[in-house]
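In: Just a sequence and a predicted model for now, questions to come.
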Amino acid sequence: MHEGDDLPELESKGMVHGALNIYNVLVKDSGRAVISGFGHAKVIKDFQTSFTGDYSEYRYTGPEVLDDAVLTFGSDIWSWAMISLEILTDEPPLGQKLEARR
């Protein structure tokens, strides 16, 4: 497990989580966020890798992943931003826009 603010550490190791969502962010008793769920984590080459998972948590998935199935370090940053947005607003990210498409 890694601290939520340790995404730069993952980047320095050439890794991308690839599946960050609200369900794999745990909160310690101290209040610090901890990232879990590294089943999709990959070491990437040339700053990107292809995505081979599913899009079940597409609310947290970066647009470049949905468009081109390409994971980058930025994909994890996008996902973390969507998680932060949900925590701050107590609403799923892009909730109204995605619900309108159903």
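Out: Received the coordinates, thanks.
In: Now do the closest residue to Pro63 other than its chain neighbours: how many residues are near it, please.
Out: Take Pro63 and drop its neighbours on the chain: the residue closest to it by C-beta to C-beta, 6 or more residues apart in numbering is Trp78, 7.5 Å away. No exception for glycine: its C-beta is placed from N, CA and C like everyone else's. Neighbour count of Trp78, defined by other C-beta atoms under 10 Å: 18.
In: Which helix or strand contains Trp78?
Out: Assigned by DSSP states H and E, Trp78 falls within helix 73-89.
In: Average pLDDT for that helix, rounded please.
Out: Averaged over helix 73-89, pLDDT sits at 89.
In: Buried residues in that helix, which are they?
Out: 73-76, 78-80, 82-83, 85-86 (16 or more other C-beta atoms under 10 Å).
In: count of residues packed around the residue nearest to Leu94 when sequence neighbours are not counted?
Out: Nearest non-adjacent residue to Leu94, counting by C-beta to C-beta, 6+ apart: Arg59, 5.7 Å away. Using other C-beta under 10 Å, Arg59 has 19 other residues around it.
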